[in-house]
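Asks: Compute the structure for the input listed below.
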Amino acid sequence: MLLALRLGEHFFIHPNRLMTSRRYVAFLRAINVGGRVVKMTALKKVFEGLKLAEVETFIASGNVIFSSAAEAARLEAVIEAGLRKALGYEVVTFLRTTKEIAAVAELDPFGVPMPPGGRIYVGFLRERPSAAGRRKIADLATPTDTLAIEGRELYWLCATTSMESIVSGATLEKVLGQPATLRNINTVRRLAAKYPG
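Replies: The predicted model follows:
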């Protein structure tokens with residue numbers, strides 16, 4: 001098998017076709033909550049057991065980086081099945097390419113200075129919210145919470161701590177009618193810097 005590098009992607013030459021291996025980031029929802037503890041070394045082994053390449057984990061909050069030529073939707077299903085088998089419970093998985101992560105990290109949907117003590121969270125979604133879902137999200141805004149949706153990401157500017165806000169991950173999922181997983185924008189930016197698209 002011939003391996004060549006171009007534009008940060010791996011090109012695998014097969015007899016009848018050219019397959020491009022993408023670099024993905026998997027965001028795992030609620031993998032270490034409710035008394036569950038999954039070590040990142042064990043998580044890495046699960047992904048390697050699924051024949052995914054160049055597997056790495058990034059901080060202990062359910063972020064796994066790997067390479068594969070398969071499409072994201074198929075990989076999400078494969079990873080969720082593998083985690084269910086290995087851990088015994090469901091772990092909803094959201095995939096983004098490193099190129100998509102770079103775009104998320106660079107986007108400034110609010111255009112205002114960060115308030116003292118404020119934080120921005122990114123909610124990764126499986127599907128683009130409907131128009132009705134976007135309206136419901138807009139209705140959640142408070143003096144301390146500003147929300148915006150761009151594609152399959154929800155951005156939440158919280159001027160206080162998330163524990164003090166009336167908005168929560170569970171609230172956002174209920175309003176959108178689909179699962180989501182939240183990451184601090186600083187985590188996303190660190191991922192983008194370490195794994196450039």
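
Asks: Secondary structure class of Ile101, three-state.
Replies: Using DSSP: H, G, I helix; E, B strand; the rest coil, the structure places Ile101 in helix.

Asks: which SSE is the closest residue to Ala141 other than its chain neighbours in?
Replies: Excluding the flanking residues, the one nearest Ala141 by Cβ to Cβ, 6 or more residues apart in numbering is Leu147, at 6.0 Å. (Glycine included, C-beta is placed from N, CA and C.) According to DSSP states H and E, Leu147 maps onto strand 145-150.

Asks: now the closest residue to Arg190 other than its chain neighbours: how far from Thr20?
Replies: Distances taken as Cβ to Cβ, 6+ apart put Phe58 closest to Arg190, at 7.7 Å, once the chain neighbours are dropped. Separation of Phe58 from Thr20 (Cβ to Cβ, to the nearest Å): 23 Å.

Asks: contacting residues around stretch 90-106?
Replies: 8, 22-31, 62, 65, 72, 75-76, 79-80, 83-84, 122, 124-126, 153, 179-181, 185, 188-189, 191-193, 195-197 (Cβ atoms under 8 Å, 6 or more residues apart in numbering).

Asks: Report the separation between the two terminal residues of that stretch.
Replies: With Cα to Cα, to the nearest Å as the measure, stretch 90-106 spans 31 Å from end to end.

Asks: what pairs with the spatially most central residue of the chain across the strands?
Replies: By Cα atoms, centre = their mean, the chain has its centre lying nearest to Phe27, at 3.7 Å. Beta-bridge pairing of Phe27 under DSSP bridges involves Asn63, Phe94.

Asks: I'd guessed it sits against Leu182; true?
Replies: No: Phe27 is beyond contact range of Leu182, at 9.1 Å (criterion: Cβ atoms under 8 Å).

Asks: where do the contact lists of the two overlap?
Replies: Common neighbours of Phe27 and Leu182 (Cβ under 8 Å, 6+ apart) are Phe124.

Asks: For Leu83, list the residues it contacts.
Replies: 28, 31, 46, 90-91, 93.

Asks: Recalculate using a threshold of 6 Å.
Replies: Val91 (Cβ atoms under 6 Å, 6 or more residues apart in numbering).

Asks: ditto for Glu150
Replies: Glu150 makes contacts with Pro109, as judged by Cβ under 6 Å, 6+ apart.

Asks: what's the spacing between it and Ile59?
Replies: From Glu150 to Ile59 the distance is 24 Å (Cβ to Cβ).

Asks: now Glu71
Replies: Using Cβ to Cβ, Glu71 is found at 27 Å from Ile59.
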